[in-house]
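Undergrad: sequence and predicted model, in that order:
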Amino acid sequence: MSTMKIFWCKNCLNMSTRPRIAFDKRGWCNACQWMEEKKTVDWELRKKELNTLLDKYRSKNGNFDCITTVSGGKDGSYVSYVLKHKYGMNPLAITVRPALALEIGDKNLLNFIYSGYNHIHLTPNPLVLDRLNKYGFIEKGFPYYGWLIAIMTAVIKTAGNFKIPLIFYGEDGEVEYGGSTESKNNALYDINYMKRVYLEGGHEKVLERIRQDKDITEADLAFFKFPDDHEISEIGLSFTHMSYFEPWDSYRNYIVAKENCGLTEKEEGNTDTFTNFAQNDQALYALHAYLMYLKFGFGRATQDAGIEIRRGSMTRDQALNLVKMYDNAYPHDLIETYLDYYQMTKEEFDSVLDKYVNRSLFEKIDGIWQPKFVPGEEFEI
Amino acid sequence: MTVVIVDYGMGNIRSIKSTLNYLGVQDVIVSFDPKVLKNGDKLILPGVGSFGKAIARIRERGLDVCLNELVVNGSKPILGICLGMQLMGISSNEDGINNGLGLVKGLVTKFDNTHLKIPHVGFNQVMINNKLKLYNGFEEEADFYFTHSYKMTSSYDISQCHCKYGDDFVASFENNNIAGVQYHPELSQNNGLHVFRNFLEKF
Amino acid sequence: MLRKRIIFTLIYSDGFFMQSRNFRLQKVGNLTWLERNYRFQKIAFSLDELIVLNASKNVKSMLQFAETVSELVNDVFIPIAAGGGIRSEEDAEMLFNHGADKIVLNSALFEKPELVESLIKIYGSQSIVASIDYKKSEGVNEVYINDGITKIDIPLEEYLKYVESLNVGEIYLNSIDKDGTGFGFDLEVISEMVTKIKMPLIIAGGAGNEMHLSEGLKINGVSAVATANLFNFIGNGLPKARKKIIDSGINVANWT
């Protein structure tokens, strides 16, 4: 049997197990390479591109001219803020209501809206959303897969209805945090990239699964389906990431959002990371991060630490201490909430975790998966 | 062994106490009762605060007479720390001119702040005479933690070791059973522990 | 030669130690957590001093804070400065009696200069650290008191001179904009302000790693650098940082 080397980025702590990630000769991951490259990118040129794009779509009749997706968190708030106040656009902010919304997220969303935005709160049928989330959890190991679908499909549907052809997302996570680099030099991307990369090709599979349920009709799925190519070309939809046009800095976004959009943080920290100002909108995020840990060996602290390293606030050695401390975070406090949400027994829930855990990386001790590796120390499987 | 920390009611003596405990001294008593001082094996005169206020409190409590009795007429070992060392001197010009306990021929004056940041705070090197009891086992120089705006100087031989901040000043002196250190041994990590150990064992 | 210092600042609030980011606080852990992740006990080879600040938002309970200080200082052989909410001689006395070697004053500098004066009379200048928080707004460095809440109408440079005239021992200058960000110290403002004052200057706000600490230590006239970044320096973070700083030839004490 052939073996595979498991290693960590020499600059940050991204793991070689991360989907679609690439490393260079120095052992730097593509997120770190991009961090370096950002220093030499002609941002002025990209700013011009942005202005050209915005001029093309800028509303002349007072209609909305672009859509931003927001949760009340730092990134969506930042993008909305700069589009409205720096570039003079008329954005329509959209939130797709997640399952198990957290109080602090709701508060932040209201603070954002009341700081002066046109906003639509979309609530795709929660019974269907819950079902899709459950099937996504079981079939893909994605705890809020239904919501992941809806933040694309429901937003696109709304864009069509309002005839708003330009949709802004924050950063391209693949480029910024590690993964596919195919879109780093593309201002715009299409639905196929969305389906393939963000939904990891499981969209149809999960929809097929729910269609088998007798109590679900096609009408129930309206907010969860992509329009066909014909419909899209009729509206002329363009998707873009703000991170293409300016050097992305999530800490800057956090500061802008707290100064201008009423963003607040959790006073209590998180059990699985050292930051308190990101991903505070839904309880399922912690499970999402935990599954990522079981599948690939890195959790939320590794991701956060990578951001800190790349923006120069922390060294790799410092980050390693935090990763060792926080990454292996079984969501003890939330298990009851999850069982209740998915309507599962503990055994059924555990069997899903067992299905997705990478057994080369983890072994079960006293009912909980524990790493067989030490973060930062290369090994073979 | 019983060590008495002479308490004149000012500042932090807790760190001295905990350092002595750490070094294995079982009985560390904080007191200004002459009887307790008399029964102690060794005395420590601590010091945080200003000279005028401190010497006034010492006199109020009759500690000046008591100390003279025990360490000049008697031979009880005493270690003055920081202001405690300065209080042992002839006089100080902090808060006007005040006479000290007169246990050592040293004068206390303010640092000249024309070219120096005052107070003198932080670790600084002391030029060590390791033939002295306080520095048994030391090399030629060592870092100690200082925090003070006034310094002691002396034109006599008081077995002093110097530290340089602007000009040289007295970092420590010793005379038989009487010793004083301008720095804080309780805040000086290993070097401080070493000095304490010497005071406990060699005096 | 007088060494420069590396100081760690702990921010305390109602029983917990906090991570501050631009003066917003995140609960990190209690004393047990701190002792497990930062071994200040016995001989702290990495630090010259500790500063502990009480940022409790509720009515500041000096006694509870003082008791935490006293637990913290057990077997810690480095200087501890404590402060936050000191409004009377009794407050100061309580902290000294619970093991503080120095006290830190902030709002009182502006609101109660007569208290500062009497504390100096009792404890001496060298026992008083004056903490100043500032924030940049449209090119002006504005001074804030009351945990960064109340702006006062004296620009930073003038305020520094005022505080110096109170005859305190040291100045602890903290940038609210940089606080907890890991962006590094506010080098520009620090380099300018350090030339205006004659007393020891401790700089704070922004240091996330040893490079940032080094940058601060290299500024002429800066006596000490402080970091309050409870996450970045966790575990062996401080000893490693100090070693690298010493190896790079910067004048800090090296205890072996």
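TA: Yes, it's here.
Undergrad: my guess is A:D213 contacts A:D130. True?
TA: No. Counting by Cβ atoms under 8 Å, A:D213 stays clear of A:D130, with 12.0 Å between them. Every residue, glycine included, has its C-beta placed from N, CA and C.
Undergrad: sec struct for the residue of chain B at minimum distance from chain C, please.
TA: Closest contact between chain B and chain C, by Cβ to the nearest Cβ, is at B:F123 (3.6 Å). Under DSSP: H, G, I helix; E, B strand; the rest coil, B:F123 falls in the strand class.
Undergrad: what segments of chain B are helices?
TA: Assigned by DSSP state H, the helices in chain B fall at B:14-22, B:34-39, B:51-60, B:63-67, B:83-87, B:189-202.
Undergrad: for the first one, name the packing helices and strands.
TA: It stands for helix B:14-22. strand B:2-6, strand B:27-31, helix B:189-202, helix C:62-73 (3 or more Cβ pairs under 8 Å, 6 or more residues apart in numbering or on different chains; DSSP states H and E).
Undergrad: and the longest one, by the same measure?
TA: For helix B:189-202, the elements it packs on are helix B:14-22, strand B:141-148, judged by 3+ Cβ pairs under 8 Å, 6+ apart.
Undergrad: pick the most deeply packed of those.
TA: strand B:141-148 (a mean of 24; mean count of other Cβ atoms under 10 Å in any protein chain shown).
Undergrad: in terms of secondary structure, what does that one contact?
TA: strand B:120-127, strand B:161-165, helix B:189-202.
Undergrad: contacts for the longest one, please.
TA: Spelled out, that is helix B:189-202. Residues outside helix B:189-202 that contact it (Cβ atoms under 8 Å, 6 or more residues apart in numbering or on different chains) are B:1, B:3, B:19-20, B:22-23, B:25, B:42, B:77, B:79, B:133-138, B:142-145, B:179, B:181, B:183-186, B:188, C:43-45, C:77-78, C:255-256.
Undergrad: who touches the closest residue to B:D112 other than its chain neighbours in this structure?
TA: With sequence-adjacent residues excluded and distances taken as Cβ to Cβ, 6 or more residues apart in numbering or on different chains, B:D112 is closest to B:G166, at 6.3 Å. Counting by Cβ under 8 Å, 6+ apart, B:G166 makes contact with B:F111, B:D112, B:H115, B:L116.
Undergrad: pretty sure C:V163 sits in a helix.
TA: Yes. According to three-state DSSP, C:V163 belongs to a helix.
Undergrad: among the contacts of helix B:189-202, name the buried ones.
TA: B:3, B:19-20, B:22-23, B:25, B:42, B:77, B:79, B:133-135, B:138, B:142-145, B:179, B:181, B:183-186, B:188, C:43-45, C:77-78, C:255 (16 or more other Cβ atoms under 10 Å in any protein chain shown).
Undergrad: thinking again about what came up before, lowest average pLDDT across the helices and strands packed on helix B:189-202?
TA: For these, mean pLDDT drops lowest on helix B:14-22, to a mean of 89.
Undergrad: list the contacts of B:K105.
TA: B:G89, B:I90, B:S154, B:Y156, B:I158.
Undergrad: and the spatially closest residue to it that is not a sequence neighbour, how far from B:G62?
TA: Nearest non-adjacent residue to B:K105, counting by Cβ to Cβ, 6+ apart: B:Y156, 4.5 Å away. Distance, B:Y156 to B:G62, by Cβ to Cβ, to the nearest Å: 28 Å.
Undergrad: one step back: can you redo the helices and strands packed on helix B:189-202 as CSV with distance to A:E363?
TA: Listed next are the helices and strands packed on helix B:189-202 as CSV, based on distance: least, Cβ to Cβ, whole Å:
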stretch, distance to A:E363
helix B:14-22, 43
strand B:141-148, 49
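Undergrad: which of A:D213 and A:D130 has more residues huddled nearby?
TA: A:D130 (17 against 12; other Cβ atoms under 10 Å in any protein chain shown).
Undergrad: mind telling me what element that one is part of?
TA: helix A:126-140 (DSSP states H and E).
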